[in-house]
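**Q** need a 3D model of the sequence below.
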Amino acid sequence: MPLTPSHPSLGRGPAPRWAALTAALVLGLSACGGGTASEEPQTLNALVWCDHTDPALLAPFEEANNVKVNVKDYEGTGVGLNILETSQPGDWDVFVVDSLDVPGVAAAGILAPLDKADFPWDDFFAEVQLPEIHELDGTLYAVPEKFGYNTIAFNKADVSVDSLRNLSYLWDPALKGKISIYDYYIPVMELVALELGIIPQELTAADLPALEQRLTELRAQAIQVGDVVSSQTSLATDEVDVIVGGGEFSTSVLNAENPDLDWILPEQGGIRWQQAIGVLADSQKKDLATAFVQYITSPEGQARLATSSCYWGMPANSQATLTDEQKTILRWDEQPAFIANSYPYFIPDPELDAAMLDVWTRVMAG
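**A** Alright, predicted model coming up:
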């Protein structure tokens, strides 16, 4: 899936903190016949996003625990839930999910309760802790692991940075036929709302006619409506100059190959995406699955996840052991301003959500 070779893994250095967290687990598994270095490794099955499939991320945990982590990547929570529904109970142990969907997934009994004390909660950026999303009735069900922005990705060799500071430039005739639109209705419609002066969290059905008109005009500017990979490819191959709804996940992994590929948060703001990881309620290996979540959210695991070969993003853990160069690519020092000028994904009620999806489908099909 990545368009460039995987980034080299970070130096191992001394034994990471998560190794200490799992040492007792490894000993316990050995005593129970669960496996030692001389025996066949046990398995852990994780339903994940593509950034978790990078061997550079998985190998340290596998080696420390004599475990083979089997991963299956998916796109869209609905697809992930369908995989779970058509699997046998206990087939899957770990679930990576859009933070926005955690409350519904937890309420459905799909996720196991977690102990907040097992994770470096105080090290997570305050803005991504979001107890109202990751907890249900005061119980933790998923841990934030990575975040970033749906905003504007572009080729600065072809489009000026100053022009894109204003979202309205997307409708300029100069960009006609040079735009790809990321095929996800919530963040893109939120961006259009911002251009209209509407705060995303204040969207109502009364706003939809104006939103549809502006979205229709934007669709006329675009030559493509595509997923992450196809949009990224079109930008990398110079088929388009701009991805509406793109961000660091579209360009950071390509930075070494083409430094002109960049992203910007316009003056009107951007939309903040966030993903989380949890343990499945039906897992028969909850201790091992929890140890994996601990590793992923540790400083070492966070650095590898943030710079995964599939796509980069900001780690939820502020102590992630990233290099200075990696932090520069991720705009680490600019995060306070980015967070202040961005909005989390809007959670419409079912009626408004259906109406928004109808608008999106109608406009993008045209």
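**Q** now do stretch 317-330: distance to the chain's middle.
**A** On the basis of C-alpha atoms, centre = their mean, to the nearest Å, the separation between the geometric centre of stretch 317-330 and that of its chain is 17 Å.
**Q** check which residues of that stretch are buried.
**A** Neighbour-count burial for stretch 317-330, counted by 16 or more other C-beta atoms under 10 Å, picks out Asn317, Ser318, Gln319, Ala320, Thr321, Leu322, Gln326, Ile329, Leu330. For every residue, glycine as well, the C-beta is placed using N, CA and C.
**Q** now swap in stretch 211-225 and tell me
**A** Applying a neighbour-count criterion of 16+ other C-beta under 10 Å, the buried positions in stretch 211-225 are Leu211, Glu212, Arg214, Leu215, Leu218, Arg219, Gln221, Ala222, Gln224, Val225.
**Q** show me what contacts Cys50?
**A** If a contact means C-beta atoms under 8 Å, 6 or more residues apart in numbering, then Cys50 has Met1, Asp73, Ser308, Cys310, Tyr311 as its contacts.
**Q** repeat that for 10 Å
**A** If you count contacts by C-beta atoms under 10 Å, 6 or more residues apart in numbering, Cys50 has them with 1-2, 71, 73-75, 96, 228-229, 308-311.
**Q** what distance do you get for Ile186 to Phe346?
**A** Here the criterion is C-beta to C-beta, to the nearest Å. By it, Ile186 lies 6 Å from Phe346.
**Q** residues shared between the contacts of these two?
**A** Between them, Ile186 and Phe346 share the neighbouring residues Leu100, Pro200, Ile271, Asp353, Met356, with contact defined by C-beta under 10 Å, 6+ apart.
**Q** what's the closest non-adjacent residue to the first one?
**A** If you skip the residues right next to it in sequence, Leu100 has Tyr345 as its closest partner in space, 4.7 Å away by C-beta to C-beta, 6 or more residues apart in numbering.
**Q** what sits against the one you found?
**A** 98-101, 133, 150, 184, 186-187, 190, 200-201, 271-274.
**Q** list the buried residues of stretch 282-293.
**A** Going by neighbour count (16+ other C-beta under 10 Å), the buried part of stretch 282-293 is Asp282, Ser283, Lys285, Lys286, Leu288, Ala289, Thr290, Ala291, Phe292, Val293.
**Q** I figured the first one hits Ala112, correct?
**A** It refers to Asp282. Yes - here Asp282 lies in contact with Ala112, judged by C-beta atoms under 10 Å, at a distance of 8.5 Å.
**Q** shared neighbours, the two?
**A** Contacts common to Asp282 and Ala112, judged by C-beta under 10 Å, 6+ apart, are Asp93.
**Q** what's opposite the spatially most central residue of the chain in the beta bridge?
**A** Nearest to the geometric centre of the chain sits Gln275, at 4.7 Å (C-alpha atoms, centre = their mean). On the basis of DSSP bridges, Gln275 takes part in beta bridges with Asp98, Lys146.
**Q** from Lys285, how far out is it?
**A** 22 Å.
**Q** so Glu186 versus Leu235, what's the distance?
**A** Careful, residue 186 is Ile and not Glu. In this structure, Ile186 and Leu235 are separated by 21 Å, where distance is defined by C-beta to C-beta.
**Q** same question for Asp324.
**A** Following C-beta to C-beta, the distance that separates Asp324 from Leu235 is 26 Å.
**Q** quick one on the thing from earlier: is it true that the residue nearest to the centre of the chain touches Ser99?
**A** Yes - using C-beta under 10 Å as the test, Gln275 is close enough to Ser99 to be in contact (6.1 Å).
**Q** give me the common contacts of those two.
**A** Taking C-beta under 10 Å, 6+ apart as the criterion, Gln275 and Ser99 both touch Val128, Ala142, Pro144, Glu145, Lys146, Phe147, Ala316.
**Q** mind checking the backbone torsions on Ala316?
**A** Ala316 has phi and psi values of phi -70, psi -30 when expressed as degrees, to the nearest 10.
**Q** next, count neighbours for the residue lying closest to it once chain neighbours are set aside.
**A** The shortest distance from Ala316 to any residue that is not its chain neighbour, by C-beta to C-beta, 6+ apart, is 4.1 Å, and that residue is Pro144. One way to gauge burial is a neighbour count; for Pro144, by other C-beta atoms under 10 Å, it gives 25.
**Q** again with Gln232
**A** 26.
**Q** if I look at it, how far off is Asp241?
**A** 13 Å.
**Q** chain neighbours aside, what residue packs nearest to Ala106?
**A** Among residues not flanking Ala106 along the chain, Tyr141 sits closest, at 4.0 Å (C-beta to C-beta, 6+ apart).
**Q** my read: that neighbour touches Val293, true?
**A** No - in this structure, Tyr141 sits apart from Val293 without contact. The criterion is C-beta under 10 Å, and the distance is 11.3 Å.
**Q** between the two, what contacts are shared?
**A** Shared contacts of Tyr141 and Val293, counting by C-beta under 10 Å, 6+ apart, come down to Leu114, Ala276, Gly278, Val279.
**Q** Provide the backbone phi and psi angles at the first one.
**A** In this case it means Leu114. Reported as degrees, to the nearest 10, the phi and psi values for Leu114 are phi -120, psi 160.
**Q** wait, it touches Pro144, no?
**A** No - the criterion here is C-beta under 10 Å, and Leu114 misses it with Pro144 at 12.0 Å.
**Q** just the strands in this structure please.
**A** 42-48, 67-73, 94-98, 135-136, 139-140, 143-155, 179-182, 222-226, 242-246, 261-264, 270-279, 314-315, 342-344 (DSSP state E).
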